[in-house]
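**Q** Okay, predicted coordinates and the sequence, questions at the end:
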Amino acid sequence: MPEVRSATPELERFARETLGCQCSAEVFDRIEDDHSPLPGLPEIRRRIAIGGRLLIYLAEVPDGPRASEQVCDWIAAGVAERDLRGMNRLRLVVALEGPTPETAAAIQQTFLGLRGLDDRVHLHVLPAEALTGI
């Protein structure tokens, strides 16, 4: 069951500065934060819905090859949830321990090769420590 609350300063800063969210301030008044892994996709450790507009999936994986294998499934699940809930955007955050530029590029290439993507789906490959405090 998701926790419903207002955004913490750390979460708002993460969404705005790290992910590039340009949502208005009032959107951050209602946050649904679900820490339950998705059935069949245990790497999605957290789903955050911001103001009924932005859906963030946080995937925590130990390495880039695992992320490249799963990105299609994560995006498909996220787009389905985004569309079902009538939200504007999906941002998939892939958190890796010490990602290299090559690893991030490989995951990005897999993402860009997916069919049916629209301009409302975004991928962010970040070091795991970028999630600290949110």
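**A** Nice, I can see it.

**Q** use CA for all of it now, contacts and neighbours both
**A** Will do.

**Q** after the helix or strand bottoming out on mean pLDDT in the chain comes which helix or strand?
**A** Here the helix or strand of the chain ranked lowest by mean pLDDT, DSSP states H and E is strand 3-5, holding a mean of 90. Per DSSP states H and E, the first helix or strand lying C-terminal to strand 3-5 is helix 9-13.

**Q** Which elements pack onto the next helix or strand along the chain from that next one?
**A** Going down the chain from helix 9-13, the next helix or strand is strand 31-34, by DSSP H and E. Judged by 3 or more Cα pairs under 8 Å, 6 or more residues apart in numbering; DSSP states H and E, the packing partners of strand 31-34 are strand 3-5, strand 44-50.

**Q** Give me the buried positions along the longest helix along the chain.
**A** Secondary structure assigned by DSSP state H gives helix 64-84 as the longest helix of the chain. Going by neighbour count (16 or more other Cα atoms under 10 Å), the buried part of helix 64-84 is 64, 67-68, 70-72, 74-75, 78-79, 82.

**Q** What of stretch 27-35?
**A** 28, 31-34.

**Q** would CSV of the residues you listed with pLDDT and distance to L96 be doable?
**A** Output for the buried residues of stretch 27-35, formatted as CSV (pLDDT from 0 to 100; distance: Cα to Cα, whole Å):
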residue, pLDDT, distance to L96
F28, 96, 26
I31, 96, 25
E32, 96, 24
D33, 96, 21
D34, 95, 20
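
**Q** on that earlier part again, could you please name the strands the helix or strand that the longest helix of the chain is followed by pairs with and the direction of each pair?
**A** Using DSSP H and E, the helix or strand that follows helix 64-84 in sequence is strand 89-96. Within its sheet, strand 89-96 is paired with strand 54-61 (parallel), strand 121-127 (parallel), according to DSSP bridges.
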